[in-house]
Structure formats: structure tokens, C-alpha cells
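Undergrad: Model the following, please.
(2 chains)
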There are 2 protein chains.
Amino acid sequence: MKQLNKCIWLAVLMSALLMGGCDKQSEKNSDRLPNLIVVFADDLGYGDLGTYGHPTIQTPNLDRLAEEGAKFTQFYSAASVCTPSRAALLTGRLPVRSGMASNNRRVLFPDSELGLPQDEITIAEALKSSGYATAAIGKWHLGHRPSFLPAQQGFDYYYGIPYSNDMDQVGKGPWSDKFLNPKVEYWNVPLMQNERIIERPADQRTITRRYTEEAIRFIQEHRNEPFFIYLAHSMPHVPLFRSEAFEDVSRRGLYGDVIEEIDWSVGQIMRVLREEGLAGNTLVVFTSDNGPWLAYDTHGGSAGLLRGGKGMTWEGGMREPALAWWPGVIRPGTVVDAVTSTMDLFPTALAMAGLDLPDDRIIDGRNLLPILTDGSQTKIRDTYFYYRGATLYAVRKGPWKAHFVTEWAYTSDNRRTVHDPPLLFHLDRDPSEKYNVAEAHPDVVADIIEIAEQHSASMQPRPTQLDARISGK
Amino acid sequence: MKQLNKCIWLAVLMSALLMGGCDKQSEKNSDRLPNLIVVFADDLGYGDLGTYGHPTIQTPNLDRLAEEGAKFTQFYSAASVCTPSRAALLTGRLPVRSGMASNNRRVLFPDSELGLPQDEITIAEALKSSGYATAAIGKWHLGHRPSFLPAQQGFDYYYGIPYSNDMDQVGKGPWSDKFLNPKVEYWNVPLMQNERIIERPADQRTITRRYTEEAIRFIQEHRNEPFFIYLAHSMPHVPLFRSEAFEDVSRRGLYGDVIEEIDWSVGQIMRVLREEGLAGNTLVVFTSDNGPWLAYDTHGGSAGLLRGGKGMTWEGGMREPALAWWPGVIRPGTVVDAVTSTMDLFPTALAMAGLDLPDDRIIDGRNLLPILTDGSQTKIRDTYFYYRGATLYAVRKGPWKAHFVTEWAYTSDNRRTVHDPPLLFHLDRDPSEKYNVAEAHPDVVADIIEIAEQHSASMQPRPTQLDARISGK
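TA: A predicted model of the protein is given here:
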């Protein structure tokens, strides 16, 4: 395993040296471990960026990320809601393995007692062992009590809100007033710096801008050492806010303004990386935690041609826009259509730092570097598991996806249906999951049923950490 | 008007000279009127190209067209079905003005007696007066009897099928056999060269390749004079066929193979234009006649995030992918989000040739050159009219669209609903037409009702040409 990792890493380094030749700025850093910046949006839909086909949201910087780097077409979050999705990204593991999935409370709330267990290993913890400077900027949502904050999970620095921006509601006004005409004072969400609350309620109007400034400051302060920045925007999760400079800039309305500010933010980071001569030595990944929150009218995004959204194991709930940028290493205009996942970022980060994977636990992610650096469409996994809470709802094998349970979460009837036999879709030919072909393919159905049974039989879920409430609450 | 046209043309020429400087090949042609190639797909959906967000259809050549040229996000066909849409593209007029719309027979059939009236002026007829060589290659569908063939409408050369590739059915086998496992012999569609049938049934397997070869031959033969090629692919209209080289190349299955062969075709044309030194003097436009035929399972395409498909006045039926490429004139990466239309190609072509618009008839199209050449997002129209057959179903004004009638065409119940008051959608904020906001905006509704009434009162429809059948049939 160590041999393999070293091999890959050498290949990356050689690619960087060979291809980075044209980018003078990259040269000076090629003798150092590469940096990693993960930009993680909240509730962004598969169809919400220009390069993924949105007609009225303008995302020139993210489109440029795709043109100069790689665009994924089958990239998944590991859960259709916030907390488990974030846990999986940082640990490389299915949320049920880390106790971050539950069928009762699907995310952490302000009255939650627990968080991501300290013995789970995050990207930040792993990279710290290779001397990386680490920062979590933005939404955390993996436990807001002192023993669960980013500092306990390998982050040198934290600046952000500890849970979702729609929590800590003040008063109970009508839904349409609160969310469709949001004001900062309707939510009492704290803004934290390290372990201290520095503002409450957080002024969400300027939050995307301030996260960006923090990220840029961290890049500049750590230009001479390897760094990892986990920049988890609280937007475009409702309530939607954007800074003054982005008021009414988008034809898509408030939601578009918010995305266009995130696009600006990515552009600022690319600019600073280039200015600091770090572009050739930094992998930037952009994606989101789950699909669009369709219940919120035009304040929710679009999953494009995909079915469903946030909270669902239909593709729209878990397939995400995803872009990777590393000038001189990733060939411009690469389209990656292998089945990939936020969980892959953990082994990718470790490979970048020349580290072995921990051998005392199951890691579900796979290293993305071969696929990103040699440009070939290597298949990195055969199967993909779609959980809703702690329950396995669907399994993908190759192009086939079988749904054992489906649910229209956050809709008026919250319709949940058990399918026996399961529904079967050919995702490559039918990405919108419109044509159930189970009857025509009993062999595929049988195969996936067996895979699901084996997976469930071998799964040793960690007891959920999401249900416990602070006593007295 | 003449003055204005000349002005624009001079601007284009100057742009070409100034910007084309880097492209040596373009220089030798800049003293000649520019060529026009319109590539028109059949039943292609808004979401079916890589650059419009499709996850498993690979369209590197069309994506490059967008990167090197302009991509439209609000480009409409003038009808949601074939015949009227084609008439509108070639004449610049709403189909009701040319008699090419009817509520009885919505397109021409093999037993139809008539076609596009000879006194309608097509792009080809207009350009011939400026010395252009003209070719119609592919599907015609504007009348297949001798007096309605392309030769009667200004085309020097014709090679293609005279109506849809699913007409002239042989036998009445079950739908699923016929269309989902198509064989050439199930349809007796003729392939014509000029006014002669050269093959029957047309071998549809090689038809995209042969259209491409014909287009390339025409380019090469006419490299020394201005030319106009109307390359109207018969694909991806069902039944789907592709040549051997494209069998099973696409993860999207047969439909993907077909699109990827069209993508290859566009790449061949770009290559030949560059080889012949004509790229800097040729405007290439790519679009489709109407949205995807959703009734045909995975043999139909995807409208992406748009609602509905072929036969409907929902956005998915009429908003199309559209790309324009003219190296040295159109700035690479231009995104045009103005409301534009296939009808705009007529005045655009005339402006390119320095011609005035005819003054004896209403032209609904607007010249696209200013928007393409100066890169600004000029608004070229305030209102857009959505016809279904000869009936006005919906009107767009700015971002607002009011539906007076909606219909789920080609579905099992073909549901048609009259809306009084009309439905109202804000297309920029709600491109998927999900949230009817008529109640909140009575002023907008009233405004659009008035616009629709004025439009209908002033409309002088030409008697329909679509209903007449050849006697005895």
C-alpha cells in the first residue's frame, strides 16, 4: 500500500514538473508537499452552475475552473443532508461508520449533545502529521460543544458558524416571511473564531465575503508551508444572504446573487494562488454537501436533469457539481465520468501528502489522483451506496441503480415507499431516473440485492451520535 | 434601414480584420462576403450537450464551439414541432404568417399536397441575390412535391430526406419493436439528390455521415465564393440510427451515439473550414428545431432543467441549445442570455450579405450580429410568442411568461388546459416553470394579456398549407 502511494505521488510530482514547466510560478513550489483547498457549498444543485447548464446563473470563475481543470459528472456526496455528508467528506467513510447517521435526527441541532467522535480521523488530522497548516472556515455542523469543534479534529484555525444558518430561529413568524424575505435578526446563529463566539447573531449578509477574506489571509500567512483549507460556505442554504456588492446582480434573483458571490469567492482564491505563486502546487476542489432544497421555492436550487433534491436518495439529492483545479497537473478540460465521491477526498489528500491510509478502519473513499493526473477515465469503484439517515435506500452498480426505498423528503406528504422488488434505473442512459427497467433485467436486480445484503451484513455501524440532546433541552 | 445594415456590416468587417489578425488563414477571405452554415438538429433537448450539462453524452466539438464562440441560454425555436419550426428559421417569420401552422395537421406528411409557399423568401433566396452558392443538406419537411422542394426556395443543391425519418412506415409492428429496435427497412423514406430519389428506403444508418460528407464537399467546391449551407440533420429524431463507427460509443446508449456522431460531424466541418482557410470568414450556427420527444423513452432526449418537451409550449419544447462560432469575430466564451430565436437567422444572414430586409412583409427575427460581434448583452426583443399549431398558447415579456393554454402533447392523455387567468412564471428566477406567481403580479398578467390581444388582433395569418392532402390519399 505504501509502495503504491509513493508510486502515485512520484507520478504526480513528475507530471507537475513536466507539465508545470509553462507555469513559471509553479516551479518554485514543486519541492514542497502540495496544498489542498476544498470549497464546499451547502445545498447547491447539480444544475446550478453555468458549466452544468444553468441558463441565468453566471459562474465565470467556476466555469474557468472546469475549463482549466476537471469537471466531474458522477460525483456524489455521501448523504443527502448536511451533518452526515460533512462527516463523510472529512473522514473518507460512510456516515454510518462514524456514528453520524440516524433515522431519528438526521443532522445535529443546537440542542445536540455530541458530534463527530474524536477518534475519527479527519483530513486535517492526517495532514497535520505531515506538517500541514490547517483551517476550517465556514459551516462546521459536526458538533458545536467544545469537545467537538474543529480544534479537536486537527484544525489549527476555525472561523465560521457551528451549525446550519437556519437554526436558532428567533420567533415563529410565517415561513414565507422568514425564509423568503430573510433578515439577519430572525436567526441567532453564532459566528465563532476558534472556540470563541465573536458575533451573535452572525451577520449573514457579509458571511461569504468574510469567509473568503479569511481563506485568503490563511493562504498568504502560510504561503511557505503546505496547507489545507476546508472552506465550507454556509450558502446557498436558506435563509439566503449576500453582501451589498452582489445585491440584484443575478437574473436568477437572490439565489443567483448568492451563487455568483460564491463564484466570485472562488475567483478570488484562484487569483491569490496565482499571485502567490502557489497555483501549480495547490489542488482546489469545489463541490457541495447535498442537492437543492426544493421546498424553498426559488430560494432552493436546481438539480438540472436529475430527479429529486436534498433529503432524497434520488440522484438530485446526492449527485453534485464537482470541479478540480491544479494547473500543470490536471489537464485542462478533463471530464471525469467515473463514479466518484466526497469520500474520495480523504485518501486523495493522504496520497498528496505521501501518507498511508489508516489500517485500523474501513475507508470508503478512493484516491482520485490517478484519474486526475493521467487524464484517463479509470473506473475507481463498482458500487455506490445511497443512505438516508442510517438506512440503505439504494445501491448503484456500474450504470445500474436499484432503489429499495424512495422518499420525497421535505414535501407536503413526505411520501416514503418501500420497493419490493426494487426499482431499477440505468443511470447512464436514463440520468433522470424516469424508466424503471427492473422487469427487463431480473439478473441485475438479483445481483444488486445480493450486493446490498452482503454490504448490510458486513456493516458494523457505530452507535449514532445524532440523537443525544443536552440534558434539560 | 439600409444605412443601419451597412453600418453593422462595416463593424463586422472591421472586427474581423482587427481580431482576425491572429488567424492567418482568415485574412485571405476577409475581402469577401462571409459564409453561413446553419447546423440544425432534430428533436435535440436543451440538456443534451456537455456544455448544457448532460452527464453522459460527450460533445467535445460542440463544447469547443461554445468555448471558442458564443453559447445562447435563451434561444428559441419558433414552434414546438418540425415543419413550422423549419419554415420560421428559413423565412424569419412566425409560422402562422407563412401558412405553415395548423391546428389540424401540425406538420406535413407524405400525403400532404402543399408546402412552403413559393412567394415566401428564404435565407437561400435572399443570399442568392448577393451571389451565394446555396445548399440544403438533410431533412427538408417543407413540401416534398416538385414545386416545394429546396430548388424552388433558392437552393442550388439538395441532398436529403424530404420529410421526417419516421414517416412512410412499412407495416404496423408494435411500437416498442419499431422504434426502440429500429431497422432501416421499417421505413420507406426516400433519399433525394436535387429532385431525384436516389435511394429508398434511405439507409439511415449512414445518413449523418453522408450529410457531413456532402457538406464538406460543398464547402470545398465553393471555397472561392460565398456560400450558405443549411445542414438539417434528420437525427436525433426517432427512429435513431448511427453509422458503424459510432455504435456503442456513448454511455448514454443509442441516443448518445447519435448525438456524438452529430458532434463529430460539427468537428469535421470546423476542421475543413480551418484547413480551407475559411474559418475566419464563416459563421457557423448550431441549434435544433424543437425540444426532445419525451414519449420515446430513452430514445428521446432531455430538456435539462426545463419543463416539457416536443409539441409543448413549456420551455422544454421550444428553448434550444444554440451555439455560434466565427473565429476572430465572436469573442471566445461569449454567453448570450438575450431572448433570441431561430427566426433571427434570416435577418442575420441578410445583414452579413449587406442586404436590406424585404419591406413587403413582416419579419419577426432580429439581426444577431450586434450581439455576437460587440459581445455586449444587448436586448433584442421584449416579447416572445409561443404558438402551438396556429394558436397562441403563451407570451413572454422580459423574464415573465404567461400561459393561456398548456398541453402535454404526445402523452397518454394529451392533456390540454385553458388557463383563465393565465399562469405566470418568472423564467429567469424559475426556469423550470414550477411556481405560478400570477396572483402576486396582477399588473404583469394584465400587461401580457393586452400584449397578446394586440398581437392577435394585428396578426394576419396566411391560410394554412398543412391540411390539404393529395387527392385520392
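Undergrad: Every contact and neighbour count from this point should use C-alpha atoms.
TA: Will do.
Undergrad: what about the residue in the stretch 151-300 of chain A that chain B sits nearest to, neighbour count?
TA: Sorted by distance to chain B under C-alpha to the nearest C-alpha, the residues of the stretch 151-300 of chain A start with residue A:252, at 4.2 Å. The tally of other residues near residue A:252 (other C-alpha atoms under 10 Å in any protein chain shown) stands at 26.
Undergrad: same thing with residue A:63?
TA: 18.
Undergrad: Off-centre distance for stretch A:437-453?
TA: 30 Å (C-alpha atoms, centre = their mean, to the nearest Å).
Undergrad: same question, stretch A:56-64
TA: 19 Å.
Undergrad: same check, this time on stretch A:33-41
TA: For stretch A:33-41, the distance to the chain centre is 11 Å (C-alpha atoms, centre = their mean).
Undergrad: wait, doesn't residue A:32 sit right on residue A:224?
TA: No. Contact criterion C-alpha atoms under 8 Å: residue A:32 and residue A:224 do not qualify, at 9.0 Å.
Undergrad: How about stretch A:422-437 and chain B, touching?
TA: Yes. Stretch A:422-437 reaches chain B (C-alpha under 8 Å from any C-alpha of the partner chain) through A:428-431, A:435.
Undergrad: Of the residues you listed, just say which sits nearest to residue A:55.
TA: residue A:431 (19.6 Å; C-alpha to C-alpha).
Undergrad: where does that closest one land on pLDDT?
TA: We note a pLDDT of 98 for residue A:431 in this prediction.
Undergrad: Quick check: residues of the stretch 351-473 of chain A near chain B?
TA: A:428-431, A:435.
Undergrad: now, the most widely separated pair of those residues?
TA: A:428 and A:435 (11.9 Å).
Undergrad: Which one's more surrounded, those two?
TA: Applying other C-alpha under 10 Å to residue A:428 and residue A:435 shows that residue A:428 carries more neighbours, namely 22 against 16.
Undergrad: Would you agree the more buried one is in contact with residue A:399?
TA: Yes. Using C-alpha under 8 Å, residue A:428 makes contact with residue A:399 at a distance of 5.6 Å.
Undergrad: rewinding a little: CSV please, covering the residues of stretch A:422-437 next to chain B and showing secondary structure and distance to residue B:452.
TA: Shown next, in CSV, are the residues of stretch A:422-437 next to chain B (DSSP: H, G, I helix; E, B strand; the rest coil; distance: C-alpha to C-alpha, whole Å):
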residue, secondary structure, distance to residue B:452
A:428, coil, 42
A:429, coil, 40
A:430, coil, 38
A:431, coil, 38
A:435, coil, 38
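Undergrad: can you tell me which of those lies nearest to residue B:60?
TA: residue A:428 (17.8 Å).
Undergrad: Give me the pLDDT for the closest one.
TA: Looking at residue A:428, its pLDDT stands at 98.
Undergrad: Tell me how far it lies from residue B:199.
TA: Per C-alpha to C-alpha, to the nearest Å, residue A:428 is found 35 Å from residue B:199.
Undergrad: Residue A:198: neighbour count?
TA: Count around residue A:198 with other C-alpha under 10 Å applied: 14.
Undergrad: Which neighbouring elements make contact with the helix or strand that contains it?
TA: According to DSSP states H and E, residue A:198 maps onto strand A:196-199. Counting contacts by 3 or more C-alpha pairs under 8 Å, 6 or more residues apart in numbering or on different chains; DSSP states H and E, strand A:196-199 is packed against strand A:191-193.
Undergrad: Quick check: buried residues in stretch A:221-232?
TA: Neighbour-count burial for stretch A:221-232, with 16 or more other C-alpha atoms under 10 Å in any protein chain shown as criterion, is recorded at A:223, A:226-232.
Undergrad: Of those, which belong to strands?
TA: Among the buried residues of stretch A:221-232, the ones falling in strands (DSSP state E) are A:227-232.
Undergrad: As CSV, those with distance to chain B and pLDDT would be great.
TA: Below are these laid out as CSV (distance: C-alpha to the nearest C-alpha, whole Å; pLDDT from 0 to 100):
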residue, distance to chain B, pLDDT
A:227, 32, 98
A:228, 30, 98
A:229, 28, 99
A:230, 27, 98
A:231, 25, 98
A:232, 24, 98
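Undergrad: could those residues be laid out in CSV, adding distance to residue B:415?
TA: Below are these laid out as CSV (distance: C-alpha to C-alpha, whole Å):
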residue, distance to residue B:415
A:227, 59
A:228, 55
A:229, 53
A:230, 50
A:231, 48
A:232, 45
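Undergrad: Determine which two of the residues you listed are furthest apart.
TA: A:227 and A:232 (15.8 Å).
Undergrad: Chain A: helices as residue ranges?
TA: A:2-19, A:24-27, A:60-68, A:82-91, A:123-128, A:175-180, A:207-221, A:254-275, A:315-318, A:345-352, A:369-373, A:442-458 (DSSP state H).
Undergrad: what packs against the strand ranked longest in chain A?
TA: Using DSSP E to define each element, chain A has its longest strand at strand A:416-426. If you count contacts as 3+ C-alpha pairs under 8 Å, 6+ apart, strand A:416-426 packs onto strand A:400-407.
Undergrad: Run me through the strand neighbours of the strand it packs on, direction for each.
TA: Using DSSP bridges, the strands paired with strand A:400-407 are strand A:391-397 (antiparallel), strand A:416-426 (antiparallel).
Undergrad: list the buried ones in the last one?
TA: Same thing as strand A:416-426. A:422-426.
Undergrad: same question, the first one
TA: For strand A:391-397, burial by neighbour count (16+ other C-alpha under 10 Å) applies to A:392-397.
Undergrad: For the stretch 301-450 of chain A, give me the ranges with low pLDDT.
TA: A:375-377 (pLDDT under 70).
Undergrad: mind putting the strands paired with strand A:400-407 in TSV, distance to residue B:353 included?
TA: Below are the strands paired with strand A:400-407 laid out as TSV (distance: least, C-alpha to C-alpha, whole Å):
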stretch	distance to residue B:353
strand A:391-397	55
strand A:416-426	49
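Undergrad: mind checking which of those strands is nearest residue A:361?
TA: Per C-alpha to C-alpha, nearest to residue A:361 of these: strand A:391-397, 20.2 Å.
Undergrad: Just the residues contacting that closest one, thanks.
TA: Strand A:391-397 is contacted from outside by A:103, A:313, A:382-387, A:401-406, A:448, A:452, using C-alpha atoms under 8 Å, 6 or more residues apart in numbering or on different chains.
Undergrad: Show me just the buried residues among the residues you listed.
TA: A:313, A:383-387, A:401-406, A:448, A:452.
Undergrad: All good on my end, thank you.
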